[in-house]
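# quick one, what's the 3D model for this:
(chains A, B, C and D)
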There are 2 protein chains.
Amino acid sequence: MAQNRHNGLPAYQKIQRAIRQRIETNKLKSGDAVSSERELARIHGVSLMTARHALAGLEREGIVERRRGSGTFVAPPRIHFNRLMSYTEQMGSRGLTPNSKIIVAKIIGDEPEVAARLGLPATSRIVKIERVRHTADEPFALETCFLPADEFANLIDAPLARTSLFATLEHDCNVQLAYADEEVDATVAEGRVAQLLNLRPGAPLLRIRQVIYSTKTKPVIYVIGFYRSERHSLFIRRMR
Amino acid sequence: MAQNRHNGLPAYQKIQRAIRQRIETNKLKSGDAVSSERELARIHGVSLMTARHALAGLEREGIVERRRGSGTFVAPPRIHFNRLMSYTEQMGSRGLTPNSKIIVAKIIGDEPEVAARLGLPATSRIVKIERVRHTADEPFALETCFLPADEFANLIDAPLARTSLFATLEHDCNVQLAYADEEVDATVAEGRVAQLLNLRPGAPLLRIRQVIYSTKTKPVIYVIGFYRSERHSLFIRRMR
DNA sequence: AAGTGGTCTAGACCACGGC
DNA sequence: CCGTGGTCTAGACCACTTC
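So this is what the prediction gives:
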């Protein structure tokens, strides 16, 4: 019997979706027992191996925990470490309202080093968006994003003071962001950067340069950020 | 038929071990095709599902890649991002010889903030080891480690100028390190730190404070490190 | 067309946990 | 003891890739 003659989704995925849904709608809470393999097999009219496959997949995702001899249980909510998040998302997850001021939004064509980071020819046209990030009227970061103008020229008119660049890319430009490689070092505030961040020259700044890749392993954004050290620190979890 | 009556290891793990071995001994290189499910089933005298299970496990570990309709192939060598590594290990992985000078190695008892980070009572006795890290005679980092003296008092006599603290802990003290939470920010060199790192006051420094946990989710080491910014930057990969 | 991985069945025995 | 997950069988059909 074909698994997807009925509606186009494998049986094990239908089972997973059903369980995920029960968790998302709080019918199942962290620590609760999920139906056993045998129950699921009976309920969904599949064989034991198929029910197993469904649970194994959910376990790999960290959604459930399986304990031999005991059962399958909803895993405690995951703590997200080292997740690629936009400023908007980070602030949102702390219950703060993000705030940005656009300093520059234009197309440039003479930044060979930036072009190289994006994997483009040296004189490529590039969208440059420079924003000062605020919380409660105090500036705390200066972020400059660069994107290939060929694909994203329309971004210079996007309402980025209010909406997230990530959200705009993922929803309006049909780009799925996958991961970012960051290079972090320390520097001191000088000149224009000091002025925009309202800092005295010589104040320590965290500098983060990141290349953000799409799911197609293609560089999409290059960001240089300067973060006021007394207002911002970076958290990382490293695994052995 | 019992899977482990023969020798105590499930069949799928034996298959995995066999494949891993062929990769480690370079009989199979990156990109090479691994025996197909059907071949493995025949060779090892198991059913198709069991061979499948073996390959699925190796795929989850990132050791092989499976391509429908095409076959199973040895995955490209993994790049380790965000791995908890000691200075010695980091230098070694770049083909450099590590070099340290011990500045302080003693037991202290009046560092309530450090004690708190280690999850200890405020006046606990704590091992303090301060080291300057060199490469080619140029100092580039000052690292201060703190460990509970109850368990690790013997470390003050360990030959840490030459051997790795991680290695000593894992081999001699029977402690398995699991992960670390790091807090990164920027600061400037001052006073004693500037002097030890041979920097002018006001030079930017990367400061990394990390709590390293054992596999028992117990804090084992608290480290404060100052890194010369022009000699060191931090790489992180963030996933979406 | 031949071969590969992906899904699935309808059973089986084992090892473990809790009662 | 009974229910749980862990391993396993000997097949099957499908979707896909390669030739």
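# what parts of chain A come near chain B?
For chain A, the residues in contact with chain B (C-beta under 8 Å from any C-beta of the partner chain) are A:49, A:60, A:82-85, A:176-188, A:202, A:204-207, A:210, A:227, A:229, A:232-240. The C-beta positions use only the backbone N, C-alpha and C, and glycine is treated the same way.
# which ones among those come in contact with DNA strand D?
Counting by C-beta under 7 Å from any atom of the strand, the subset of these that neighbours DNA strand D consists of residue A:49.
# quick check: what element follows the helix or strand bottoming out on mean pLDDT in chain A along the chain?
For chain A, counting by mean pLDDT, DSSP states H and E, helix A:87-93 ranks last in confidence among helices and strands (a mean of 84). Using DSSP states H and E, the next helix or strand after helix A:87-93 towards the C-terminus is strand A:99-108.
# and that next one, which strands flank it?
strand A:126-135 (antiparallel) (DSSP bridges).
# where does pLDDT dip in chain A?
A:1-7 (pLDDT under 70).
# would you map out the domains in it?
Per automatic domain parsing, the structural domains of chain A span A:5-74, A:79-235.
# out of those, which one sits most buried?
domain A:79-235 (a mean of 17; mean count of other C-beta atoms under 10 Å in any protein chain shown).
# how long is that one end to end?
Terminal residues of domain A:79-235 lie 13 Å apart, using C-alpha to C-alpha, to the nearest Å.
# distance between it and the chain's centre?
Computed by C-alpha atoms, centre = their mean, to the nearest Å, the chain-centroid distance of domain A:79-235 equals 13 Å.
# for residue A:219, name its beta-bridge partners.
Here residue A:219 sits in beta bridges with residue A:213, going by DSSP bridges.
# what about it, distance to residue A:100?
Using C-beta to C-beta, to the nearest Å, one gets 23 Å for the distance from residue A:219 to residue A:100.
# got the residues of chain A near DNA strand C?
Neighbours of DNA strand C within chain A, by C-beta under 7 Å from any atom of the strand: A:1, A:3-4, A:10-13, A:45-50, A:53, A:67-70.
# can you do 10 Å?
Near DNA strand C, the residues belonging to chain A are A:1-6, A:9-16, A:37-38, A:41, A:44-54, A:57, A:67-71 when assessed by C-beta under 10 Å from any atom of the strand.
# tell me which helix or strand residue A:147 sits in.
According to DSSP H and E, residue A:147 maps onto strand A:138-148.
# for the helix or strand that that strand is followed by, packing partners?
Next along the chain after strand A:138-148, taking DSSP H and E as the criterion, comes helix A:149-152. In terms of contacts (3 or more C-beta pairs under 8 Å, 6 or more residues apart in numbering or on different chains; DSSP states H and E), helix A:149-152 is packed against strand A:126-135.
# report the angle between the strand it packs on and strand A:138-148.
Going by axes from the mean of the first three to the mean of the last three C-alpha atoms, to 10 degrees, strand A:126-135 is angled at 160 degrees with respect to strand A:138-148.
# what about the residues of chain A next to DNA strand C, which are in strands?
Applying DSSP state E to the residues of chain A next to DNA strand C, the entries found in strands are A:67, A:71.
# keep only those of the residues of chain A next to DNA strand C that are in helices.
Helix and strand membership here follows DSSP state H; of these, those in helices are A:11-16, A:37-38, A:41, A:44, A:48-54, A:57.
# are there helices or strands packed against the least confident helix or strand of chain A, and which ones?
helix A:165-167.
# show me what the helix it packs on is packed against.
When contacts are defined as 3+ C-beta pairs under 8 Å, 6+ apart, helix A:165-167 packs onto helix A:87-93.
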